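Student: Task: produce atomic coordinates for the following.
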Amino acid sequence: MIDSAVMTILASPRRSEILRLVWNRELAAGEIHRAMPDVTFGAVSLQLRRLIEAGVVEVRADSRNRYYRARKEAVGELGEILERMWNSALWKLKLEAELEEGRRGPRPGRRSRSKSQPRRKRNR
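Tutor: Below is the predicted model:
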């Protein structure tokens, strides 16, 4: 039986992505943050805390660093479903769209036009 609390915690695309990152290897918080460049370090830290509180991620302290790893046994049967999903190209596209939708701040590759600068007409 799949634990509904685990499903609830993983309903967030960001938390699901963090769990994917630490599923097969231990990563430092900074490495997780670098893998999610559109999210602040504080937001990554908050999501990690939620995953730890839910018991699906464990943390190991080493000097000033914290290292995170998935607790696969806590995820249970949902783990196999997640692995299949993470390997799916459709899921990757869905995740990218969800992360983009939840993104804050300027979009990459877009230049904002100042209100004081009128739009230039193109010569054809």
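Student: Run a quick neighbour tally on A97.
Tutor: 11 (other CB atoms under 10 Å). C-beta coordinates here come from the backbone N, C-alpha and C atoms, glycine included.
Student: wait, I meant E53
Tutor: When neighbours are defined as other CB under 10 Å, E53 has 10 of them.
Student: Please apply the same query to L27.
Tutor: 17.
Student: who's in contact with stretch 55-63?
Tutor: Residues from elsewhere that reach stretch 55-63, judged by CB atoms under 8 Å, 6 or more residues apart in numbering: 6, 9-10, 18-19, 22, 26, 48, 51-52, 66-71, 74-75.
Student: so the most centrally placed residue in the chain is in which element?
Tutor: With distances taken as CA atoms, centre = their mean, the residue of the chain nearest its centroid is R14 (3.1 Å). For R14, the host element (DSSP states H and E) is helix 13-21.
Student: Packing partners of that helix?
Tutor: If you count contacts as 3 or more CB pairs under 8 Å, 6 or more residues apart in numbering; DSSP states H and E, helix 13-21 packs onto helix 29-35, helix 41-53, helix 78-86, helix 89-101.
Student: would CSV of those with distance to D62 be doable?
Tutor: Formatted as CSV, the helices and strands packed on helix 13-21 follow (distance: least, CB to CB, whole Å):
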stretch, distance to D62
helix 29-35, 12
helix 41-53, 16
helix 78-86, 26
helix 89-101, 29
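Student: I figured E98 hits R15, correct?
Tutor: No: if you go by CB atoms under 8 Å, E98 and R15 don't touch, sitting 11.7 Å apart.
Student: Which of the two has more residues huddled nearby?
Tutor: When neighbours are counted by other CB under 10 Å, E98 and R15 differ, and R15 comes out ahead with 19 against 15.
Student: just to revisit the earlier point, what's the least confident stretch among the helices and strands packed on helix 13-21?
Tutor: Within those, confidence is poorest for helix 89-101, with a mean of 73 (mean pLDDT).
Student: on that earlier part again, let's see the helix holding R14 as CSV, backbone CA atoms only.
Tutor: This file holds the C-alpha atoms of helix 13-21, laid out as CSV (Å, rounded to 0.1, in the frame of the first residue of the first chain):
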residue,chain,number,x,y,z
PRO,A,13,7.5,19.3,-8.2
ARG,A,14,10.4,20.9,-6.4
ARG,A,15,10.4,18.3,-3.6
SER,A,16,10.0,15.5,-6.1
GLU,A,17,12.9,16.8,-8.1
ILE,A,18,15.1,17.0,-5.0
LEU,A,19,14.2,13.4,-4.1
ARG,A,20,15.2,12.4,-7.6
LEU,A,21,18.5,14.1,-7.3
